[in-house]
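> please work out how this folds:
(2 chains)
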Amino acid sequence: MTTEPDYVAIGVFTALFALVTVMGFLAARWKQSSEPTNLDEWGLGGRRFGTWITWFLVGGDFYTAYTIIAVPALVYAVGAYGFFALPYTIIVYPFVFAVMPVLWRNAKAHGHITAPDVVYGHFGSRALELAVAITAVIATMPYIALQLVGMATVFAALGLNGEIPLIIAFLILAVYTYSSGIRAPALIAFVKDILIYVAVIAAVAVIPSKLGGYGAVFDAAAQAFKDKGSGSILLDPAQFMPYASLALGSAMAAFMYPHTLTGIFASKSANTIRKNAMLLPAYTLLLGLLALLGYMGHAAHLKLASNNDVVPALFKALFPSWFAGFAFAAIGIGALVPAAVMSIGAANVFTRNFWKAYVNPAVSPQGEARVAKIASLVVKVGALLAILYLPTTFALDLQLLGGMWILQTFPALMFSLFTSRVAARCLLIGWIAGMVSGTWLIWSDGLKPIHHYAWGSFSVSLYTGLVALIINLLAVAIVHAVGSLTSKANH
Amino acid sequence: MARDRARLISLLLLLPYLGLLWVSSYNKAEPALWGFPFFYWYQLLWVPITVILLWIVYGKSRHDD
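Down below sits the predicted model:
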């Protein structure tokens, strides 16, 4: 890809970026309550977000900038297998529809702000709360760093090299998140999502017509995979179980992260969440079409230094500079929304489940907001330093592990909502079993998420996150059964 | 009675899992639609189907909270 600065594209990009910066600072006054700033206000916008704001906010932080870069890149590299993001982001919604309103009601009734709050509120176990809180924070940190990777890809495509643009963009983000809290990304998400919709709809409508139609795009991709000797536009039978288990495991993990849950907790009502489960699939349709940009990269015969360049390179090759700048702004601003919500989600967890639990139990609601604001700054600076000074693969590997880790909090959160019959110590042992076995499997596979199992003539490959969750649940069941047997024997 | 029926209808929410996780049933090129191999348009079609299923369940269950 050329690295000559493209001044028209840079101009459009800068103008749109300036617009959202102003919005970010003004957001503090939007839908503000008359009370002094507490954590409910800063971190959850006072739980007053209705259907449309929630749609833009959750859409903006679930379908991240990194997704927009990485999903087409994976499809470009391996073909059909990379498409698992589509079934994943469909089957997540029946789950959101059925479960998240229950979580919202629980949190609203007790004033919970984070998932570990809900777990502690139900079980009264500081140890289980801590397990869920630690998992949430370490799974979120690399996710924030990846948003920076998305942004850096766009800066490189604009011809803005070096680290200065990235640092400036992130510092601006850090400052307005500090002052406005969740309201900043909620307001910016409106702009971001509209830009993304325009850019992607233009791409999927215009690019195939320039390349001879969708049939020609699929044929070109099939030919490219044949020439390369790997990848295919259909799955190999050995990929069926990895594909299905990745889709299912990812869907179960998606709404365990602090940033997605922050969007849930900030909703105005349980019904807001149900309506969003019906409206958010619009983004999935967009994602499915966006994934096909990977194949368009083959049809356009792009020569890429890195798979991640496929989306920016397509826009540069097939659109005028001003529209490329517009699309890059969509992706760049697209990185700000999830990075902001993730840092707020992580800061909420730090404040409620570390600071309030261990440092200052008597902290006032206003004091909580002050702690969370500073924590959000620290989290973002940490992510920035990680990207500047550590190899990018470090963030990628941690993000992969993070998906498996966060899935191990699924039993604790679900049992908090639906049953009182299992003791916290069973869930804690299950969490340890899942974390250890999953980390060991992924590590021994050379940081690959799929593990191959063989018993005699039967063999299968599965997503390790899902396998670790099964081990987690088995451990819960065994410890629970042993516990009830011994308590019966004692009576 | 009405509650039991709502429960039964909410089983519709399991259909997307069956339709999308049974991968061998849709991993094929034909019939193609507008140049899209079956594998692609079938999965994309599950987006509106899932929305319709959610909408049916929504209409039949309590949602005044």
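> what mean pLDDT does the strand or helix carrying A:Leu485 have?
Element membership for A:Leu485 (DSSP states H and E) is helix A:464-490. Across helix A:464-490, pLDDT averages out at 90.
> packing partners of that helix?
Judged by 3 or more Cβ pairs under 8 Å, 6 or more residues apart in numbering or on different chains; DSSP states H and E, the packing partners of helix A:464-490 are helix A:240-254, helix A:392-407, helix A:410-418, helix A:424-444, strand A:450-455. C-betas here are computed from N, CA, C, even on glycine.
> now stretch A:236-254 - C-alpha only, CSV.
The C-alpha trace of stretch A:236-254 is given here as CSV (Å, rounded to 0.1, in the frame of the first residue of the first chain):
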residue,chain,number,x,y,z
ASP,A,236,-13.9,-28.4,4.6
PRO,A,237,-15.9,-31.1,6.5
ALA,A,238,-13.1,-31.0,9.2
GLN,A,239,-14.0,-27.3,9.7
PHE,A,240,-17.7,-28.0,10.5
MET,A,241,-17.3,-28.4,14.3
PRO,A,242,-14.7,-25.6,14.7
TYR,A,243,-17.0,-23.3,12.8
ALA,A,244,-20.1,-24.2,14.8
SER,A,245,-18.3,-24.3,18.2
LEU,A,246,-16.6,-20.9,17.5
ALA,A,247,-19.9,-19.4,16.6
LEU,A,248,-21.7,-20.8,19.7
GLY,A,249,-18.8,-20.1,22.2
SER,A,250,-18.3,-16.5,20.9
ALA,A,251,-22.1,-15.9,21.2
MET,A,252,-22.1,-17.0,24.8
ALA,A,253,-19.1,-14.9,25.6
ALA,A,254,-20.2,-11.7,23.8
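> in it, what's buried?
A:239-254 (16 or more other Cβ atoms under 10 Å in any protein chain shown).
> and these near chain B, which?
Among these, proximity to chain B is found for A:Phe240, A:Met241, A:Tyr243, A:Ala244, A:Ala247, A:Leu248 (Cβ under 8 Å from any Cβ of the partner chain).
> ok, these vs A:Ala383, which is closest?
Checking those against A:Ala383 by Cβ to Cβ gives A:Ala247 as the nearest, at 27.5 Å.
> isn't the closest one up against B:Leu21?
Yes: in terms of Cβ atoms under 8 Å, A:Ala247 counts as a neighbour of B:Leu21; the distance is 6.7 Å.
> which residues are in contact with both of those two?
By Cβ atoms under 8 Å, 6 or more residues apart in numbering or on different chains, A:Ala247 and B:Leu21 have these common neighbours: A:Pro87, A:Ile91.
> coming back round to it: give the buried residues for the helix holding A:Leu485.
Under the neighbour-count criterion of 16+ other Cβ under 10 Å, helix A:464-490 has A:464-469, A:471-473, A:475-476, A:479-480 buried.
> so where do the helices sit in the stretch 1-150 of chain A?
Per DSSP state H, counting those that start in this stretch, the stretch 1-150 of chain A carries helices over the ranges A:7-26, A:39-44, A:51-62, A:65-78, A:85-110, A:115-123, A:126-158.
> that should have said the stretch 201-350 of chain A, apologies.
Under DSSP H, counting those that start in this stretch, the stretch 201-350 of chain A gives helices at A:213-228, A:240-254, A:258-265, A:270-279, A:281-291, A:293-299, A:310-318, A:321-350.
> what sits against the closest residue to A:Ala433 other than its chain neighbours?
In this structure, A:Ala433 finds its nearest non-sequential neighbour in A:Ala475, 3.8 Å apart by Cβ to Cβ, 6 or more residues apart in numbering or on different chains. Contact analysis of A:Ala475 by Cβ under 8 Å, 6+ apart lists A:Cys426, A:Ile429, A:Gly430, A:Ile432, A:Ala433, A:Gly434.
> by contact count, what packs against the longest helix along chain B?
In chain B, assigned by DSSP state H, the helix with the most residues is helix B:38-60. Under the contact definition 3+ Cβ pairs under 8 Å, 6+ apart, helix B:38-60 sits against helix A:85-110, helix A:270-279, helix A:281-291, helix B:2-10, helix B:15-21.
> state the phi and psi torsions of the one residue in chain B that gets nearest to chain A.
Closest approach of chain B to chain A (Cβ to the nearest Cβ) occurs at B:Gly35, with a separation of 3.2 Å. For B:Gly35, the backbone dihedrals are phi 90, psi -10 (criterion: degrees, to the nearest 10).
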